[in-house]
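Below are the sequence and a predicted model for it; my questions follow.
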Amino acid sequence: MEVDREDGRSQNQLRPLACSRSILHRAHGSASWSQGDTKVLAAVYGPRAGTKKNENPEKACIEVIWKPKTGQIGKLEKEYEMILKRTLQSICILTVNPNTTTSVMIQVVNDDGALLPSAINAACMALVDAGIPMRHLAVAICCCVARSGLVILDPTKLEEQKMKAFAYLVFPNLVHSVLPEGSPSVQGEPIENGIITSVTHGTMSVDDYFYCLERGRAASTKLSDFLRRNLQQQPTNSSKAG
Amino acid sequence: MGLPNASGDLSTEVEVDAFRRLFPLRFFEKHLLESIRPDARPLGRARDTTIALGAVASANGSALAKIGSTTMLAAIKMEVMAPSMETPDEGCIAIDFHMPPICSPIVRPGRPAEAAPVVAKQLSDTILSSGMINLKELSLVSGKAAWMAYLDIYCLDADGALFDAALLAAVAAFSHLEIPVVSLNDDGKIVLSEEQGLSEREPVNKEKRKVNLGSIPFSLTCILHKNYILTDPTAEEESIMETSVTVVLDSSSQLVSLYKPGGAVLAYTSAIQDCIALTRQRVKELQKILEEAISGMEVD
């Protein structure tokens, strides 16, 4: 069963990806990520001394500030900040620089669907650019479930609004997947199959969700390849760190 | 150090409390090895849940929901407003979630809780996308007047699983909601009819009616820690083991939301399937509790 998408893509086809790092000179790390027309700019400042009042001083702390393209900061921005903060906290090694705060600023340049996944990808690249120690990278993707039960990847904003439900999924991106020996497995599943973050919107059946997970995993390998190639091409300017 | 026992003397009790504060993770892991939690619950059991309908007499619909110590008060007030141009046949629901300083020591008047806007947004997404309320039912006169339902949820005691309790309170308040009687007056405006029999004007809706609820969403929050899945965490458990998964299923077993906001533990397919199975059981429990509360009200 084929779904006609407006831009002529197939079911599993992602939009053209573009990423550039070190675009802001004052920030310790920065990256711009675009998927089709959705473009997000991320900047990282840190680590800076001191943590906020409610945070644990024995670990490094990550602070996220999300700036929408237009309008005031509301509940949506606060929710995205919280999700991004918890996702980034799980990929960074927090015990290396205790009692420090790393600030991640996200500026939405254009929103054409799959905004949160683009922001997570941009933030990850910016953290690499800043030299923040990380356990592994994170790869984020958006899957949409159509009324017929078909799952399409990387929807535009119109597609997100028309579809029955969509899910933002974030998978880990490990170095083991590139090594010839293969990856270590947990409970019979390779580590890349675990999800770091999942945010769904709309009602779908449980089977639809598991189907989204499968499709998302398959697409995350393509995204991981793109990330790694991009990181290898542009070496980070280490004199900016700290 | 063994498990805490009630008959221990004072020095043992002081040591256990100190251990709990100084090494919270080890304290919990000692319990998890025996498949139990410090409040003697098995890993898969949720806390005692109660619902009291009609807690706020002046509101059109209200409910007080308690899951363990977490207490949420939900109240719905209805107002007549003009519907928007794009949807002339639909009413509107505005959902707000408040965490006043009474609920937790970390919330102070100058320092609002970080969780409040997040839970508010999650609640409004869940309630609007679950299809529980058909907005067309809230319409009065097409294009001219429709109901606006203001749902306010106040957290009175924040002891973990805030979203679960808030959703339960919201759903209970909607099931208690009675739409008031209104009639059209001479200026063409809608007014509330005070006494039904004495009104000379034709009422727009004949009697106070209940809203028809579609498939009702119920949720369960679980914490993932190594290989354990702990359901319905308390605030202490949530602060120590940070990875939580919230699954919202509706009464027809459709997945309304699967929310896992980051966290150090990765969720594999088996863990997700276990969480969904635990949520299915919990949905049955909550449906029973809600039905008992509703039938209790009708007897009065």
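Sure thing, it's come through. Numbering: from 1, shown residues only, chains lettered A, B, ... in the order given.

Report the secondary structure state of A:Cys212.
Here A:Cys212 is recorded as helix under DSSP: H, G, I helix; E, B strand; the rest coil.

Neighbours of the closest residue to it other than its chain neighbours, how many?
Distance criterion Cβ to Cβ, 6 or more residues apart in numbering or on different chains; nearest residue to A:Cys212, sequence neighbours excluded, is A:Cys143 at 4.1 Å. Backbone N, C-alpha and C define where each C-beta goes, glycine included. Burial of A:Cys143 is recorded as 28 neighbouring residues (other Cβ atoms under 10 Å in any protein chain shown).

Need the phi and psi values for A:Cys143.
phi -120, psi 140 (degrees, to the nearest 10).

what about it, distance to chain B?
12 Å (Cβ to the nearest Cβ, to the nearest Å).

Could you check stretch B:60-78 and say which residues are buried?
B:60-68, B:70-76, B:78 (16 or more other Cβ atoms under 10 Å in any protein chain shown).

okay, and for chain B, where does confidence drop off?
By pLDDT under 70, the low-scoring segments of chain B are B:1-14, B:186-190, B:192-207, B:300.

swap the cut-off to 50 and go again
Judged by pLDDT under 50, chain B has its weakly predicted residues at B:1-2, B:4-10, B:195-200.

Get me the contact residues on it for chain A.
Residues of chain B found near chain A (Cβ under 8 Å from any Cβ of the partner chain) are B:106, B:111, B:114, B:117-118, B:120-122, B:125, B:129-131, B:242-243, B:250, B:253-264, B:266-270, B:272, B:276.

Give me the ChimeraX select line for the residues you listed, limited to the buried ones.
This is the ChimeraX syntax for the buried subset of the residues of chain B next to chain A, where burial follows 16+ other Cβ under 10 Å:
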select /B:106,117,118,120,121,122,125,129,130,131,242,243,250,254,255,256,257,258,259,260,261,262,263,264,266,267,268,269,272,276
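
Filter the residues of chain B next to chain A down to the ones in strands?
Within the residues of chain B next to chain A, residues falling in strands by DSSP state E are B:Asp250, B:Gln254, B:Leu255, B:Val256, B:Ser257, B:Leu258, B:Tyr259.

How confident was the prediction at the residue nearest the centre of chain A?
Among the residues of chain A, the one closest to the centroid is A:Ile120, at 2.5 Å (Cα atoms, centre = their mean). Looking at A:Ile120, its pLDDT is 95.

how about the helix or strand encompassing it: buried residues?
Using DSSP states H and E, A:Ile120 sits within helix A:115-130. Under the neighbour-count criterion of 16+ other Cβ under 10 Å, helix A:115-130 has A:115-130 buried.

so which of those residues would you say is closest to chain B?
Of all the buried residues of helix A:115-130, chain B sits closest to A:Ile120, with 9.6 Å by Cβ to the nearest Cβ.

what's near enough to touch the closest one?
When contacts are counted by Cβ atoms under 8 Å, 6 or more residues apart in numbering or on different chains, A:Ile120 touches A:Leu84, A:Thr87, A:Ala138, A:Ala140, A:Val170, A:Thr197.

let's see it at 10 Å
Counting by Cβ atoms under 10 Å, 6 or more residues apart in numbering or on different chains, A:Ile120 touches A:33, A:40, A:42, A:80, A:83-84, A:87-88, A:91, A:106, A:138-141, A:168, A:170, A:196-197, B:262.

What number of residues are in the vicinity of residue 214?
Going with chain A. The burial count for A:Glu214: 13, using other Cβ under 10 Å.

sorry, should have said chain B
B:Gly214 has 15 nearby residues by other Cβ under 10 Å.

any idea how far chain A is from B:Arg21?
Taking Cβ to the nearest Cβ, one finds B:Arg21 at 14 Å from chain A.

So that residue: helix, strand or coil?
From three-state DSSP, the assignment for B:Arg21 is helix.

From B:Gly68, how far out is it?
Per Cβ to Cβ, to the nearest Å, B:Arg21 is found 21 Å from B:Gly68.

on that earlier part again, excluding chain neighbours, give the residue nearest to the residue nearest to the centre of chain A in space.
A:Ala140 (3.9 Å).

In which helix or strand does the one you found reside?
strand A:137-145.

what sits against B:Pro101?
B:Val107, B:Arg108, B:Pro109, B:Gly110, B:Arg111, B:Pro112, B:Ala113.

Take those and keep only those in helices.
Nothing among the contacts of B:Pro101 maps onto helices, per DSSP state H.

And those residues, which is closest to chain A?
Distances from chain A to the contacts of B:Pro101, taken by Cβ to the nearest Cβ, are shortest for B:Arg111, at 8.0 Å.

show me the contacts for that closest one.
A:Lys53, A:Asn54, B:Pro101.

What is the least confident helix or strand in chain A?
strand A:185-186 (a mean of 60; mean pLDDT, DSSP states H and E).

Please, which helix or strand holds the residue lying closest to B:Asp274 once chain neighbours are set aside?
Closest residue to B:Asp274 apart from its sequence neighbours, by Cβ to Cβ, 6+ apart: B:Ile229 at 5.6 Å. In the assignment (DSSP H and E), B:Ile229 maps to strand B:228-231.

ok so, going back, could you tell me which of the contacts of A:Ile120 are located in strands?
Per DSSP E, the subset of the contacts of A:Ile120 in strands is A:Trp33, A:Val40, A:Ala42, A:Ile106, A:Ala138, A:Val139, A:Ala140, A:Ile141, A:Tyr168, A:Val170, A:Thr197.

The first one pairs with what?
Per DSSP bridges, residues listed as beta-bridge partners of A:Trp33: A:Cys19, A:Val40.

isn't it right up against A:Ala119?
Yes. If you go by Cβ atoms under 10 Å, A:Trp33 and A:Ala119 touch, sitting 7.8 Å apart.

I'd say A:Asp7 and A:Gly36 touch.
Yes. Assessed by Cβ under 10 Å, A:Asp7 is found in contact with A:Gly36 at 7.8 Å.

okay, these two: which has more neighbours?
A:Gly36 (20 against 11).

For A:Gly194, see how far away the more buried one is.
For A:Gly36, the distance to A:Gly194 - Cβ to Cβ - is 27 Å.

Need the overlap of contacts for A:Trp33 and A:Ala119.
With Cβ under 10 Å, 6+ apart as the test, A:Trp33 and A:Ala119 both reach A:Val40, A:Leu41, A:Ala42, A:Ala140.
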